[in-house]
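Undergrad: Sequence and predicted structure are below.
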Amino acid sequence: MKSRKNSQLDAGDGIEANNAGWSFDIPGSLFDEHIARSVPFYREGHDLIARLSDFFLVENSVVYDIGSTTGSLVKAILARHPNRKMSITGIERIPSMVEYAAGRVEDSRASFVNADALDYEFGQAHLFTLYYTLQFIHPSVRIDLLKTIYEQLHWGGGLLMFEKVRAPDARFQDYMSQVYKEYKLANDFTAEQILNKEQSLKGTLEPFSEAGNLTLLREAGFRDITSVFKWVCFEGFLAIK
Ligand SMILES: C[S@@+](CC[C@H](N)C(=O)[O-])C[C@H]1O[C@@H](n2cnc3c(N)ncnc32)[C@H](O)[C@@H]1O
């Protein structure tokens, strides 16, 4: 039987990954295809965030999308506000993704910066988005980023944060994992690709529970927090300063 240990793992969509070594340094077109098949309601989540942005954007608004990858969310927010004067900056630590997003989003209100969000000097903003990004930031420093976001938001500004979430106990986690695996099988990933992806995400994707995320948001300073989306093990939160 082939050893799974050191070989490149087929994660689907032509993406090769390593054990405990998932990387976003992959072609942008492959990422878009892969995430849309992997994350339930991925595009609907962008649409929901774009709709909710209506409540936070004024003339000359400042928006940051942290972990902007291929720029799809930036594009969706701008499309929702075609005539509004605003700036939206995508912060992304993979250089090739920044280049891909910049070539794709042709709108002078958008810019993409190659930076680690933990080191970036954010200006005062009306809206921050973290769409399945915080889960890839080391648990020890998640609170630092959320505190910075809270500090940099204008009073009344919003944070829209979507995360994969763990269940509150082992039984529910077991149910959720099984349902999600079935979802991926139904989306034409093979059993081996599902296993390979899980293997590669070890130590990289670390989901917190809903309660864990709420605690983090409160520790960062947020008091007004609600859930805006939930599908089994994927949840969206809106927090307002
Ligand atoms: C699952 S993807 C996000 C998907 C994207 N928001 C979308 O709407 O398609 C996570 C992204 O966050 C980026 N990322 C993770 N940690 C980061 C950090 N500390 N600073 C900037 N980008 C980060 C990764 O490189 C990756 O592109």
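TA: Thanks, I have it. What you see is a predicted model, and the numbers here were worked out from it, not measured in a lab. Residues are numbered from 1 along each chain as shown.
Undergrad: Quickly check: the helix or strand bottoming out on mean pLDDT in the chain near the ligand or not.
TA: Taking mean pLDDT, DSSP states H and E as the measure, the helix or strand of the chain with the lowest value is strand 16-17, at a mean of 79. No. Strand 16-17 is not in contact with the ligand by CB under 6 Å from any ligand atom; minimum separation 13.6 Å. The way it works is simple: take the backbone N, C-alpha and C, and place the C-beta from them, glycine included.
Undergrad: Ok, stretch 121-137 next?
TA: Yes. Using CB under 6 Å from any ligand atom, stretch 121-137 reaches the ligand at 131-133, 136-137.
Undergrad: which other helices and strands contact the least confident helix or strand of the chain?
TA: strand 9-10, helix 191-201 (3 or more CB pairs under 8 Å, 6 or more residues apart in numbering; DSSP states H and E).
Undergrad: Out of these, which is closest to the ligand?
TA: In terms of CB to the nearest ligand atom, the element of these nearest to the ligand is helix 191-201, at 10.6 Å.
Undergrad: Other residues contacting the helix or strand following that closest one?
TA: Beyond helix 191-201 on the C-terminal side, the first helix or strand identified by DSSP states H and E is helix 210-220. Residues outside helix 210-220 that contact it (CB atoms under 8 Å, 6 or more residues apart in numbering): 142-143, 146-147, 149-150, 159, 161, 163, 165-166, 168, 208, 225, 227, 235, 237, 239.
Undergrad: Repeat the analysis, applying 10 Å as the threshold.
TA: Helix 210-220 is contacted from outside by 134-135, 139, 142-151, 159, 161, 163, 165-168, 207-209, 222-225, 227, 230, 233, 235, 237, 239, 241, using CB atoms under 10 Å, 6 or more residues apart in numbering.
Undergrad: Now do the contacts for the closest residue to the ligand within the chain.
TA: The nearest approach of the chain to the ligand comes at residue 67, 2.6 Å away (CB to the nearest ligand atom). Contact analysis of residue 67 by CB under 10 Å, 6+ apart lists 24, 73, 90-94, 97, 117, 129-137.
Undergrad: Restricted to helices, list these.
TA: In this view, those that belong to helices under DSSP state H are 73, 97.
Undergrad: Go ahead and report the secondary structure state at residue 237.
TA: strand (DSSP: H, G, I helix; E, B strand; the rest coil).
Undergrad: swap that for residue 147, sorry
TA: helix.
Undergrad: per-domain residue ranges of the protein.
TA: Listed by automatic domain parsing, the domain ranges of the chain are 9-27+168-201, 42-166+207-240.
Undergrad: quick one on the thing from earlier: C-terminal to the least confident helix or strand of the chain, what's the next element?
TA: helix 28-38.
Undergrad: Now do the buried residues in that following helix.
TA: Neighbour counts using 16 or more other CB atoms under 10 Å place 28, 31-32, 34-35, 37-38 of helix 28-38 among the buried residues.
Undergrad: Include pLDDT and distance to residue 12 when you put those into a markdown table, please.
TA: Converted to a markdown table, the buried residues of helix 28-38 look like this (pLDDT from 0 to 100; distance: CB to CB, whole Å):
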| residue | pLDDT | distance to residue 12 |
| --- | --- | --- |
| 28 | 89 | 16 |
| 31 | 91 | 12 |
| 32 | 91 | 13 |
| 34 | 88 | 6 |
| 35 | 93 | 11 |
| 37 | 93 | 7 |
| 38 | 94 | 8 |
